[in-house]
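A.B. asks: Structure, please.
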Amino acid sequence: MLCNECGKNEANVHFTQIINGKKTESHLCDECAKKNQSFSNFSMENLFSAMLNNTFGGSTTYLPTKSCPNCGMTYEQFRSVGKFGCSGCIDTFKPKLLPAIKNIQGYNSHVGKIPKRAGGNYKLQKDLERLKSELKQMIDQEEYEKAAELRDKIRELENK
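C.D. replies: Numbering: from 1, shown residues only. All right, here's what the predicted structure looks like:
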């Protein structure tokens, strides 16, 4: 498909806009898309920032005053920028992020399909976690025979 603007280059930027129920589509090449102002403000950071602001209604009364101990970024700065200052921000702001993530995707943790190439390792890790949890529970309940069986299963899985 050729660019709607120049008609010369291959269109690889596709933009759909719906205003008052009317749908308009633009198919542009990279050069024309860069010239067009409506595409220049799009970024994943802006999208995530808008989702966070929409999730919390733009209200800032509930926000914590603490900042990230590594980079000093506050939650309000994160909400306006849409990206973290460092990896420590995730742990610092996790209690405020979980409701937003749940609202955006419907869950706090992964519940979808597992790719086949990663499925074996992922399933193995989950099985090990489950067995270790059961082992701890059996030890707490002083069920040592069952605990020994679980220990052996754990060793067998770890050797795989």
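
A.B. asks: end-to-end on stretch 15-33?
C.D. replies: One end of stretch 15-33 sits 9 Å from the other (C-alpha to C-alpha, to the nearest Å).

A.B. asks: Let's test this: mean pLDDT of that stretch, rounded?
C.D. replies: What stretch 15-33 shows for mean pLDDT is 84.

A.B. asks: Who are the packing partners of the helix or strand where residue 130 lies?
C.D. replies: Using DSSP states H and E, residue 130 maps to helix 116-140. Packing partners of helix 116-140 (3 or more C-beta pairs under 8 Å, 6 or more residues apart in numbering; DSSP states H and E): helix 144-159. (Each C-beta comes from the backbone N, C-alpha and C, glycine too.)

A.B. asks: buried ones in the helix holding residue 130?
C.D. replies: Applying a neighbour-count criterion of 16 or more other C-beta atoms under 10 Å, one finds 131, 134, 135, 138 buried in helix 116-140.

A.B. asks: From residue 148, how far out is the residue nearest to residue 144 when sequence neighbours are not counted?
C.D. replies: With C-beta to C-beta, 6 or more residues apart in numbering as the criterion, residue 144 has its nearest non-adjacent residue at 7.5 Å, and that residue is residue 138. Taking C-beta to C-beta, to the nearest Å as the measure, residue 138 falls 9 Å from residue 148.

A.B. asks: The protein: strands as residue ranges?
C.D. replies: Taking DSSP state E to define them, one finds strands in the chain at 13-19, 22-28.

A.B. asks: Excluding chain neighbours, what is closest to residue 92?
C.D. replies: residue 68 (4.6 Å).

A.B. asks: how about the most centrally placed residue in the chain, what does it touch?
C.D. replies: In the chain, the centroid-proximal residue (C-alpha atoms, centre = their mean) is residue 101; its distance is 7.2 Å. For residue 101, the contacting residues are residue 108, by C-beta atoms under 8 Å, 6 or more residues apart in numbering.

A.B. asks: quick one: it and residue 32, what's the gap?
C.D. replies: 36 Å.

A.B. asks: Residue 109 too?
C.D. replies: Relative to residue 32, and taking C-beta to C-beta, residue 109 is found at 41 Å.

A.B. asks: who has more neighbours, the two?
C.D. replies: Neighbour count, other C-beta atoms under 10 Å: between residue 109 and residue 32, residue 32 has more, with 20 against 8.
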